[in-house]
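Asks: Using only what follows, build the 3D model:
(chains A, B, C and D)
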There are 2 protein chains.
Amino acid sequence: MKLPLHIKMNEALFLRNPDSSELGKNILKHSVQLIYHTGFEAFTFKKLAEEIGSTEAGIYRYFENKHKLLLYLTAWYWGWLEIQISFHTNNIKDPAVKLRRVINLLATAVEDDDTSEVNESLLHQIIISEGSKAYLTKQVGEDNKQHFFKPYKDLCAVIGTIISECSPKYKYPKSLASTIIEMAHFQNFFMNHLPSLTDFSKNKEESEIISFLNDLVFSSLKKG
Amino acid sequence: MKLPLHIKMNEALFLRNPDSSELGKNILKHSVQLIYHTGFEAFTFKKLAEEIGSTEAGIYRYFENKHKLLLYLTAWYWGWLEIQISFHTNNIKDPAVKLRRVINLLATAVEDDDTSEVNESLLHQIIISEGSKAYLTKQVGEDNKQHFFKPYKDLCAVIGTIISECSPKYKYPKSLASTIIEMAHFQNFFMNHLPSLTDFSKNKEESEIISFLNDLVFSSLKKG
DNA sequence: TTATTAATAATAGCATTACTATCATAAATA
DNA sequence: TATTTATGATAGTAATGCTATTATTAATAA
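Replies: Residues are numbered from 1 along each chain as shown, chains lettered A, B, ... in the order given. As a prediction, the model looks like this:
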């Protein structure tokens, strides 16, 4: 399923728009692959340039540093995910059904549609392993002032709204929303790397994470 | 309240035991302060050495690199927290009361008791901002093989057991345990830096996080 | 006591990282 | 045709992440 896909990015995230040139698109494409393979700590612009067949200085014309690039990729992902969600819940009336659908989208490994230069399924893995490093820094405040986390907040607001539709009296819609977003990823990471922190040990099925999250969310909402 | 405090550390975390010398203790003490102030990314052994009045090479005799030092500090914290928990829930019969106590300890800023060279309240802040970077790496697998995450897993197991005592039929005790541990920290971070991801915006009170976590946990357990 | 070991400080050095700057060339546009 | 614009090629610099060597001092053993 393809969507008319163009995510409007915050211009302060880049020096030159990576969407506007071949080199820029290559930077996006190969950075996803390289971060996926090496991890964000070992990822450098030099290695990326070698991968692309360009130069370090070339990459720096697009992104100030690798942190900005990570912010770009995560912002792109949250924007993309919000579109997915609005598409997949568009015609649904029942907010509880909507919410289940959202949990599914959050916790399911995306298949890659080829509508952009970004490999969404690799990017999903990057979000799981590296996503929180985008905000767990000393510069959160400044980055936030520049609205770099807006797509994440918007997504959280959308999910919070659905939660409130399900259960208007529930007191923590936004915290519950950020909890299921984070836990969709962390439980996945734990399942694959530190399985004793979860109850999904053997089979490594995303469906179990989904069941856990559904149980968590709908017991919270049933009472209120 | 002081506890007979000596946390047994995994010997593979260090080259020389930092607990065995003045320099070692200084490394622990000042690394907590410096990581707290500069953030883990900008933290270097050079800066730490300057802070202590020792040399870079001197630090390297104790810790292979800053990642190992972070692993040491996080492991120490989880070990310390498990002791706090076992002390504060020791005489309690009712597992639900126990669980509330645990949530309080997880989400409450610790006051520093001076039983060790580590400032626990700063360390608590470090765990909030930097803790997940200890495992969100490409080397999780190897680090896990060397049992560097054992204190975290043990804590999670303890909490999981209390959850199961509350509600023997509940299917996800360990995932719920890791969820409340992570969310005690993430919701705190969000509250302070990205408040729109939470429902605690204005007052910045830990008590609200505690209420949220209690609600989350006990609605999940009520049903089963 | 002296001899020996162990821990540290002082210093140097090296490969990599994280950039910035300059210049030449090719492609796109005016 | 002239000129702007993007890229490639190359250099260079300060900081980081280490390792190695030597001298000095403190603790311990003979």
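Asks: Show me the shaky parts of chain A.
Replies: By pLDDT under 70, the weakly predicted segments of chain A are A:1-4, A:202, A:223-224.
Asks: at 80 instead, please
Replies: A:1-5, A:109-117, A:201-204, A:223-224 (pLDDT under 80).
Asks: Return the residues of it in contact with DNA strand C.
Replies: A:42, A:44-47, A:56-57, A:60, A:64-66 (Cβ under 7 Å from any atom of the strand). C-beta here means a position set from N, CA and C on the backbone, and glycine is covered the same way.
Asks: ok, and of the residues you listed, which contact chain B?
Replies: Contacts with chain B within these, counted by Cβ under 8 Å from any Cβ of the partner chain: A:A42.
Asks: And the buried ones among the residues of chain A next to DNA strand C, selectable in PyMOL?
Replies: Here is the PyMOL selection string for the buried members of those, based on 16 or more other Cβ atoms under 10 Å in any protein chain shown:
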select buried, chain A and resi 45+47+66
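Asks: Dump the residues of chain A next to DNA strand C to TSV, plus distance to B:G160.
Replies: TSV is the format used below for those (distance: Cβ to Cβ, whole Å):
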residue	distance to B:G160
A:A42	33
A:T44	40
A:F45	43
A:K46	44
A:K47	41
A:E56	47
A:A57	52
A:Y60	47
A:E64	44
A:N65	40
A:K66	37
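Asks: Filter the residues of chain A next to DNA strand C down to the ones in helices?
Replies: Using DSSP state H, the members of these that fall in helices are A:45-47, A:56-57, A:60, A:66.
Asks: Between those residues, which sits nearest chain B?
Replies: Closest approach to chain B among these (Cβ to the nearest Cβ): A:K66, at 10.8 Å.
Asks: does chain B sit close to stretch A:128-148?
Replies: Yes: Stretch A:128-148 comes into contact with chain B (Cβ under 8 Å from any Cβ), by way of A:129-130, A:132-133, A:135-138, A:140-141, A:144.
Asks: Strands of chain A, residue ranges please.
Replies: In chain A, no strands are found when defined by DSSP state E.
Asks: Next, please give the residue ranges for the helices of it.
Replies: Going by DSSP H, chain A shows helices at A:22-38, A:45-52, A:56-60, A:66-88, A:95-107, A:120-130, A:140-145, A:150-166, A:173-193, A:206-223.
Asks: could those be laid out in JSON lines, adding distance to B:I210?
Replies: Below are these laid out as JSON lines (distance: least, Cβ to Cβ, whole Å):
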{"stretch": "helix A:22-38", "distance to B:I210": "36"}
{"stretch": "helix A:45-52", "distance to B:I210": "43"}
{"stretch": "helix A:56-60", "distance to B:I210": "45"}
{"stretch": "helix A:66-88", "distance to B:I210": "28"}
{"stretch": "helix A:95-107", "distance to B:I210": "25"}
{"stretch": "helix A:120-130", "distance to B:I210": "28"}
{"stretch": "helix A:140-145", "distance to B:I210": "23"}
{"stretch": "helix A:150-166", "distance to B:I210": "20"}
{"stretch": "helix A:173-193", "distance to B:I210": "12"}
{"stretch": "helix A:206-223", "distance to B:I210": "15"}
